[in-house]
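S.K.: Have a look at this prediction, sequence included:
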2 protein chains.
Amino acid sequence: MLSQTAEYALRAAVWLADHPGGPVRVGELATALKVPKNYLSKTMHQMARAGVLSSVRGKNGGFTLARKPSSIKLIDIVRPFDPMMDRRECVLGRPTCSDASPCGAHERWKAVMQTTMTFFSQTTLGDLMKR
Amino acid sequence: MLSQTAEYALRAAVWLADHPGGPVRVGELATALKVPKNYLSKTMHQMARAGVLSSVRGKNGGFTLARKPSSIKLIDIVRPFDPMMDRRECVLGRPTCSDASPCGAHERWKAVMQTTMTFFSQTTLGDLMKR
DNA sequence: TGATAATATCATATTCACATGATAATATCA
DNA sequence: TGATATTATCATGTGAATATGATATTATCA
């Protein structure tokens, strides 16, 4: 469903939400999540540019959530890594498929996509934190 | 959402449902769908082995639907090309994520997957045919 | 039976997501 | 100021999905 990269991003964000405090090093996070360190490093950087994380360079540096978990929607985390989140495509691959010019599956598929999009755009990191 | 191959398969099946009659050559289908011919050929063959299509070799040969459209579910077409259809995974990538040991997103995500799976397992080719 | 038209199959190429490794830039602190 | 720890960036490798091309197999029909 999600690309590997988007999943890494999501897991990293959830981990940060579950471990509040000072900046966390990529190495520590990579170990905890069992994810390739260098690859995660780039992914974290992208999240920082997207405004989801803050990064601090140098000694005692690392990454932290840029905002409080309850204000970070899953789609904010996932969107940069999965363009599918923006342009929802026709399940039959039609170049143009709209309410005005629908494919045979349009109405049914639209409902499915609606459910999926609602999940990503209404669920926040706060909703996923350990209780 | 679907792999390119699964989408080709779906489009080919819908086209066959919309054009009943004798066997259709891969070349004709590939042209109509604007899809690589040799690649489609293999995909069609896989669909035949999966029991969704019938193939006839030799002159006047080609592919036809193996059953009537209303009895072919979308998941029958898509499953061989998208294993995701079988093992629905945890959106946070946890190796094990179940009702007994759920991740933070488990309940919400389960509902999303349920909707998606219902679409593929209850919609038939007949539902998608042109009226 | 031989020519032809079609699927079946095999071998190879291409592309892109994913991953790795090395270096540069930047901040901290003795 | 210099040593060190960390993110930022660049260059490259790898594997799987996608695609192409060539050949083998099988059926039809004059």
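M.R.: All right, it came through fine.
S.K.: Can you pull up the residues of chain A that come close to DNA strand D?
M.R.: A:23-27, A:38, A:41-42, A:44-45, A:48, A:55-63 (CB under 7 Å from any atom of the strand). The way it works is simple: take the backbone N, C-alpha and C, and place the C-beta from them, glycine included.
S.K.: what sits against the residue nearest to residue A:28 when sequence neighbours are not counted?
M.R.: Spatial nearest neighbour of residue A:28, chain neighbours left out: residue A:62 (7.8 Å); criterion: CB to CB, 6 or more residues apart in numbering or on different chains. Contact partners of residue A:62, counting by CB atoms under 8 Å, 6 or more residues apart in numbering or on different chains, are A:22-26, A:28, A:55-56.
S.K.: one step back: Provide a PyMOL selection command restricted to the buried entries of the residues of chain A next to DNA strand D.
M.R.: Remark: buried members of the residues of chain A next to DNA strand D, expressed as a PyMOL selection using 16 or more other CB atoms under 10 Å in any protein chain shown:
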select buried, chain A and resi 23+24+26+41+44+48+55+62+63
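S.K.: Looking at the residues of chain A next to DNA strand D, which are in strands?
M.R.: Among the residues of chain A next to DNA strand D, the members found in strands (DSSP state E) are A:55-56, A:62-63.
S.K.: which among those are in contact with DNA strand C?
M.R.: residue A:56.
S.K.: Looking at the ones in strands among the residues of chain A next to DNA strand D, spot the one nearest DNA strand C.
M.R.: residue A:56 (6.9 Å; CB to the nearest atom of the strand).
S.K.: Name all residues that make contact with the residue lying closest to the closest one once chain neighbours are set aside.
M.R.: Excluding the flanking residues, the one nearest residue A:56 by CB to CB, 6+ apart is residue A:23, at 4.9 Å. Contacts were defined as CB under 8 Å, 6+ apart; by that measure residue A:23 touches A:55-56, A:60-64.
S.K.: Could you rerun that using 6 Å?
M.R.: A:56, A:61-62, A:64 (CB atoms under 6 Å, 6 or more residues apart in numbering or on different chains).
S.K.: Most widely separated two among these?
M.R.: A:61 and A:64 (10.0 Å; CB to CB).
S.K.: and chain A, which residues reach DNA strand C?
M.R.: So far as CB under 7 Å from any atom of the strand goes, chain A lies against DNA strand C at A:3-5, A:8, A:36-39, A:42, A:56-61, A:81.
S.K.: Repeat the analysis, applying 6 Å as the threshold.
M.R.: A:3-5, A:36, A:38-39, A:57-60 (CB under 6 Å from any atom of the strand).
S.K.: Cross-check the contact I'm expecting between residue A:17 and residue A:125.
M.R.: Yes. Look at residue A:17 against residue A:125 with CB atoms under 6 Å: they come within range, at 4.6 Å.
S.K.: For chain A, which segments are assigned as helices?
M.R.: Ranges of helices in chain A, per DSSP state H, are A:4-18, A:26-33, A:37-49, A:74-78, A:106-122, A:125-128.
S.K.: Could I get the buried residue list for the second one?
M.R.: Of the residues in helix A:26-33, those scored as buried under the neighbour-count criterion (16+ other CB under 10 Å) are A:26, A:29-30, A:33.
S.K.: Packing partners of that helix?
M.R.: helix A:37-49 (3 or more CB pairs under 6 Å, 6 or more residues apart in numbering or on different chains; DSSP states H and E).
S.K.: If I take the helix it packs on and helix A:26-33, what angle do their directions form?
M.R.: Angle of helix A:37-49 versus helix A:26-33, following axes from the mean of the first three to the mean of the last three CA atoms, to 10 degrees, is 110 degrees.
S.K.: hmm, helix A:37-49 touching chain B?
M.R.: No. Helix A:37-49 does not reach chain B (CB under 6 Å from any CB of the partner chain); its nearest approach is 13.0 Å.
S.K.: Can I get that helix as PDB, trimmed to CA atoms?
M.R.: Presented in PDB, the C-alpha positions along helix A:37-49 are these (Å, rounded to 0.1, in the frame of the first residue of the first chain):
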ATOM      1  CA  LYS A  37      20.700   4.100   8.500                       C
ATOM      2  CA  ASN A  38      21.900   6.100   5.500                       C
ATOM      3  CA  TYR A  39      18.700   5.700   3.700                       C
ATOM      4  CA  LEU A  40      16.700   6.700   6.800                       C
ATOM      5  CA  SER A  41      19.000   9.700   7.000                       C
ATOM      6  CA  LYS A  42      17.800  11.000   3.700                       C
ATOM      7  CA  THR A  43      14.200  10.200   4.500                       C
ATOM      8  CA  MET A  44      14.400  12.200   7.800                       C
ATOM      9  CA  HIS A  45      16.000  15.100   5.900                       C
ATOM     10  CA  GLN A  46      13.100  15.100   3.500                       C
ATOM     11  CA  MET A  47      10.600  15.100   6.400                       C
ATOM     12  CA  ALA A  48      12.500  18.000   7.900                       C
ATOM     13  CA  ARG A  49      12.200  20.000   4.700                       C
END
